[in-house]
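> the sequence and its predicted three-dimensional model are supplied below.
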Amino acid sequence: MNEAIIHVITVLGVLFVVLNIAAGLIWVERRLLALWQDRYGPNRVGPFGLLQVAADTVKLFFKEDWIPPFADKAVFVLAPAIVMLTALMSFTMIPVAPGIQISDLNIGLLFVLGMSSLGVYSVVLGGWASDNKYALLGGLRAAAQMLSYEVFMGLSLMGVVLLAGSFRLSAIVDAQRHMWFVVPQFLGFVLFMIAGVAETRRLPFDIPEAESELVAGFHSEYSGMKFGMFFVGEYVGVVLISVLITVLFFGGWLGPGLVPIAWFLIKVFAFIGLFILLRASLPRPRFDQLMSWGWKLMLPLALCNLVVTGAIVMATRR
Amino acid sequence: MIETATILTDLQEKFGVESVAPETTRDGIPTFWTPRGKVRDVLSHLKTSISDPYRMLYDLTAIDERVRKHRDGQPPSDYTLVYHLLSLGRNEYIRIKVPLQADSLNVDTITGLWPNANWLEREVWDMFGVEFDGHPHLTRILMPKSWVGHPLRKDHPARATEMGPFRLPEEKKEAEQEALRFDPEEWGMERAGEDSDFIFLNVGPQHPGTHGVLRIVVQLDGEEIVDCVPEIGFHHRGAEKMGERQSWHTFIPYTDRIDYLAGVMNNLAYLTAYEKLSGITVPPRAQVIRVMLAELFRIISHLVWYGTFAQDLGQLSPVFFTFNDRERAFGIIEAICGARMHPNWFRIGGVAQDLPKGWDGMIKDFIKYFPPRLVEYDKEIMRNRIFKARTQGVGAYESADQAIEWGVTGPNLRACGLEWDFRKKQPYSSYEQFEFDIPIAQHGDCYDRAVVRVEEMRQSLRIIEQCVKNMPEGAYKSLEELSAPPLKDPYTMHDIETLITHFLGVSWGPVTPPGEALGAIEATKGNNGYYLVSDGNTVSYRTRIRTPSFVNMQTLPILCRGLMVADLLAILGSIDFVLADIDR
């Protein structure tokens, strides 16, 4: 009985924290971008503009939730739900600190990868269901991007799995007690980081959205809270990728002095900051360039990384 | 004059004495009248058969002559077509005029000779109703399809109050919207290719990447652009018609708003033409003040282009940095002119006021502040690998020749490797006294256009620096009779006669002797020219504004065929246009 209550509390706690961080990120991102772009950003609502997010959320809730008459209604409604659902499901596997983890499956990493791959369907379906040319082009681009980046995203993590000898995320963290995996798996880290940016459709890989080209890309027709789901879903995705990088390459909660959860959060926020910095500084490649980069450079590198890591693991175990 | 004589003899030998009649104009440009049956052959001869041919169709427009009084030495006509050609080899314009009668308003098209004649002829048809036989698609270009009449005809009303109230009942609204529907067949486009249907994508009129109300209909095969049709006219405000209503002097603020990023640069183009027409000499100090402010505006305009170009390619930050720098430059403009984007600062014969105390300090600060910023932008934008991948080899003119065929001037032409800058080639407003280089690049693609503009900002800064060091003393405005508005000293306020003269000089402005003149400058986006016709009145009889953005936009289809949607935006960003400058 006691265990069950603790479990429910963990689930709700993780959900609460993740959603709040994701929503709060909107403020963090706008303020950080503003800082780097010599301007103020939102600073009117509440202290430091902190309540801006609340104001925006209230606004989104009261917006007319319009479904275009020409859209495929069922899919149109389903698409934004998928993005939130898959991103949140992934968090069930995340070991935040010893004991704070909703579920510690022995195939945790595979589950997370699977969920994040499913997430792309929301974009493709949303673009398709809108029956709008810009949304369609956005959806097409998302599909192309998914094809090029899912492949090496998984492969880039196999080195970590080989070193840890497990797909279980808590085991992977434990295996980094002596050395963070970013050291032996630096290449894997870089590849995963790039794939992660593509996965979350953030600049420089916001190609399905590409404001200056496709207006709003796949979500051109979305408004109100459905748009809000895509919007927050993107930030949940950012948090997820940052969390994964922390867990897989930077020793998760491990660190001297502070309590484990503090270390975990510090690392995660550092990577979130990196995501925002990327957005502030880089232009957007064309989607065929992105694809050829993915297939011709990233995939072979990921394979090399896997082969070399495998060989070394084999050699040292004998 | 010798040139005029040789061309005249050459043309008369070829086409007969009665077919080519010379006219003397105030700007000294060789001008010939030729009957409409011969015009295509004459133009073709000038383009292909003579040495140092006139390879660029600089402008094509018309004049409604029906109410013009002073036409000494001109053959009678109801309408006159005016072709301006430019020879880069001779560094000279030529003007060919064709008299047309109201009952037979048609002439052979020259779209086969110059591709850019297409839009120009459409505009003449739209504005004057002159038909061009054999034109591939003679439809309205600036006015909506449903428009009745031809606005630049003298009998067409110029004011809203002359036209009755505007109403938009439901049926009319439906009809107007239906008229905007794109019909591929009308443009000779296929709806389907060999194995796929094409998408026709409306980019604009409201779109974040078009920098204004521009509509481009793109024919897409997947994401590949098969062809595109730029549709302009959404920003048309009838600046040329207003030129026929405003006095010579009060038209100056309207020019500010043609290329609204380039402020006083527009004043300069208009006044260059007007001062040729009226024969005013501008005092040296006023000339240098004009140069200094114009170059400051070149930097301001290029900064807007720089930031927005990067933004078109997905880079979020540069636009904020360049706009901040632009703000600093505006600080100087504000201190000197009192206004920012549209200072309306130049006057006929000079500038509005002398420079304020301490002007040089502000500019010196800017000269110190700006170069390190440019270095930073180089690192951030020009040397960025993704930026290069997006722009190098994308949207290139095949050669400088192709650009000239299309009438392209300015940075876009210089990016093709041709060192052609009107500030050097045909100096105006004392540019011959300044030391600066003409930056060029070789490939004519999006990246090279950017390279040229970035370097131009450095050169503009050099010019400004020389202005500060060598600002001449003396009057800031000419005291000649036609300069407007007239200064109070030393002529007025002595007795009732001088007071009335001054009053008329301020309210009517100058009564300009009959004649015509073309004045052109190197504006921020290319050659901006004003062709002014005076009928001895206080207002212009015809004001023709030749803008670089119009020319640049017409080349969009040849630049983007076969590329991707993303490239279209890169090209749009790189050719640098302002919608008000296209539509006027």
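Done, it's in.
> which residue ranges of the stretch 451-584 of chain B form strands?
Assigned strands in the stretch 451-584 of chain B, in chain order: B:515-523, B:526-534, B:540-546 (criterion: DSSP state E, counting those that start in this stretch).
> all helices of the stretch 201-318 of chain A, in order?
Residue ranges of the helices in the stretch 201-318 of chain A, as given by DSSP state H, counting those that start in this stretch, are A:211-214, A:224-249, A:260-281, A:287-293, A:299-317.
> low-confidence ranges, the chain, go.
All of this is about chain A. Applying pLDDT under 70 to chain A flags residues A:1, A:100, A:318.
> to clarify, I was referring to chain B.
Chain B contains residues with pLDDT under 70 at B:1-3, B:491.
> in it, what residue lies closest to chain A?
B:Gly314 (2.7 Å; CB to the nearest CB). In short, each C-beta sits where N, CA and C put it, glycine included.
> nearest spatial neighbour of residue 15, skipping sequence neighbours?
Going with chain A. Sequence neighbours aside, A:Leu88 is the residue nearest to A:Leu15 in space, at 6.9 Å (criterion: CB to CB, 6 or more residues apart in numbering or on different chains).
> let me rephrase: I mean chain B.
Nearest to B:Phe15 is B:Lys38, by CB to CB, 6+ apart, at 5.6 Å.
> and for residue 242, nearest residue in space, chain neighbours not counted?
With no chain named, the answer covers chain A. Closest to A:Ser242 by CB to CB, 6+ apart is A:Phe271, at 3.7 Å.
> please refer instead to chain B.
Of all residues not flanking B:Met242 in the chain, B:Tyr254 sits nearest, at 5.5 Å (CB to CB, 6+ apart).
> ramachandran angles for that neighbour?
Phi and psi for B:Tyr254, reported as degrees, to the nearest 10, are phi -70, psi -30.
> for the longest helix along chain B, name the packing helices and strands.
When every helix of chain B is counted residue by residue (DSSP state H), the longest turns out to be helix B:284-312. Helix B:284-312 sits against helix B:264-278, helix B:318-337, strand B:350-351, helix B:359-377, helix B:446-469, helix B:565-575, with contacts defined as 3 or more CB pairs under 8 Å, 6 or more residues apart in numbering or on different chains; DSSP states H and E.
> ok, the fifth one near chain A or not?
To tie it back to what came earlier, the one meant is helix B:446-469. No. Shown here: helix B:446-469 not in contact with chain A (CB under 8 Å from any CB of the partner chain), separated by at least 12.1 Å.
> buried residues in that helix?
Going by neighbour count (16 or more other CB atoms under 10 Å in any protein chain shown), the buried part of helix B:446-469 is B:446-457, B:459-461, B:463-468.
> check which helices and strands it sits against.
helix B:284-312, helix B:359-377, helix B:385-391, helix B:411-414, helix B:565-575.
> find the closest residue to chain B in the stretch 51-200 of chain A.
The minimum distance from the stretch 51-200 of chain A to chain B, using CB to the nearest CB, falls at A:Lys133 (5.2 Å).
> that residue - how many residues pack around it?
A:Lys133 is flanked by 16 other residues according to other CB atoms under 10 Å in any protein chain shown.
> name the helix or strand for B:Asp59, please.
B:Asp59 is part of strand B:56-64, with elements assigned from DSSP states H and E.
> right, and the helix or strand after that strand?
Moving toward the C-terminus from strand B:56-64, the next helix or strand (DSSP H and E) is strand B:79-87.
> what are the contacting residues of the next helix or strand along the chain from that next one?
Once the chain leaves strand B:79-87, the next helix or strand it forms, by DSSP H and E, is strand B:92-100. Here strand B:92-100 makes contact (CB atoms under 8 Å, 6 or more residues apart in numbering or on different chains) with B:3, B:7, B:23, B:25, B:29-36, B:39, B:42-43, B:46, B:54, B:58, B:74-87, B:106-107, B:130, B:518.
> make a PyMOL selection of whichever of the residues you listed turn out to be buried.
Typed into PyMOL, the line below selects the buried ones among those, using 16+ other CB under 10 Å:
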select buried, chain B and resi 7+25+29+30+31+32+33+34+35+36+39+42+43+46+54+58+74+77+78+79+80+81+82+83+84+85+86+87+107+130+518
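> got the contact list for the residue nearest to B:Met242?
Listed by CB under 8 Å, 6+ apart, the contact partners of B:Tyr254 are B:239, B:242-243, B:246.
> dump the helices and strands packed on helix B:284-312 into CSV; add distance to B:Phe182 as well.
Below are the helices and strands packed on helix B:284-312 laid out as CSV (distance: least, CB to CB, whole Å):
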stretch, distance to B:Phe182
helix B:264-278, 33
helix B:318-337, 31
strand B:350-351, 47
helix B:359-377, 38
helix B:446-469, 26
helix B:565-575, 16
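> can you say which of the ones you listed is nearest to B:Glu223?
Among these, helix B:565-575 comes nearest to B:Glu223, with 5.2 Å by CB to CB.
> just to revisit the earlier point, would CSV of the helices of the stretch 201-318 of chain A with mean neighbour count be doable?
Output for these, formatted as CSV (neighbours: other CB atoms under 10 Å in any protein chain shown):
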stretch, mean neighbour count
helix A:211-214, 25
helix A:224-249, 24
helix A:260-281, 18
helix A:287-293, 18
helix A:299-317, 14
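> tell me which of those lies nearest to B:Val282.
Comparing the helices of the stretch 201-318 of chain A by CB to CB, helix A:211-214 comes nearest, at 42.4 Å.
> for the residue of chain A found nearest chain B, which non-adjacent residue is spatially closest?
Closest residue of chain A to chain B, CB to the nearest CB: A:Arg284 (2.7 Å). In this structure, A:Arg284 finds its nearest non-sequential neighbour in B:Gly314, 2.7 Å apart by CB to CB, 6+ apart.
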